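S.K.: Build me a model from this:
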Amino acid sequence: MEANRNCRMVRNLVLALASAFIIAGVANAQAPVYRGTFTLPFEAEWGNTTLAAGDYTFTIDSLRGPATVKIEQGKRNVALVMSQGSQFADSKASALIVARSGGRARIVALHAAELGTDFLYGTPKAEGQALASAPQLIQRIPLLTNGK
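M.R.: As a prediction, this is how the structure comes out:
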């Protein structure tokens, strides 16, 4: 009888501790720092990913270190793209900045007006040298964002 009572007490203690850890984990889960949507009217490269024309959502979960953008189309994860740097920006509107050259489109920056930051995305070295000598068209794709 004493053994059963001790066993129940240990089981209840273990369940209480497990519940506390689960609740603490949920409480520490943070909402994304920045989120939004955009529509690509054409195929474009972003990092090492090629995005088809269509509607997308994105989130940035942290601004520590290089910002990582999670891109989704519908409920499907499409890509994780890490910025190669950031800089202060005084842009009035949030937008993706696309450089078009030689029939290709590449996302080179994400203007986050609400954060006062531009997240920069480079091009592979060999491609960067070719792009440097070719004429480029710069295009802005508006972002609908959650603000700050």
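S.K.: For residue 70, give me the pLDDT.
M.R.: Here the pLDDT value assigned to residue 70 is 96.
S.K.: ugh, wrong one, residue 63
M.R.: 83.
S.K.: which SS state does it fall under?
M.R.: coil (DSSP: H, G, I helix; E, B strand; the rest coil).
S.K.: ok, now how distant is the closest residue to it other than its chain neighbours from residue 60?
M.R.: Residue nearest to residue 63 in three dimensions, not counting chain neighbours: residue 33, with 5.7 Å by CB to CB, 6 or more residues apart in numbering. (Each C-beta comes from the backbone N, C-alpha and C, glycine too.) To residue 60, residue 33 is 5 Å away according to CB to CB, to the nearest Å.
S.K.: between those two, who's got more neighbours?
M.R.: The residue with more neighbours, out of residue 33 and residue 60, is residue 60; 20 against 16, by other CB atoms under 10 Å.
S.K.: contacting residues around that one?
M.R.: Residue 60 is in contact with 32, 33, 34, 35, 67, 68, 69, 70, 112, 119, counting by CB atoms under 8 Å, 6 or more residues apart in numbering.
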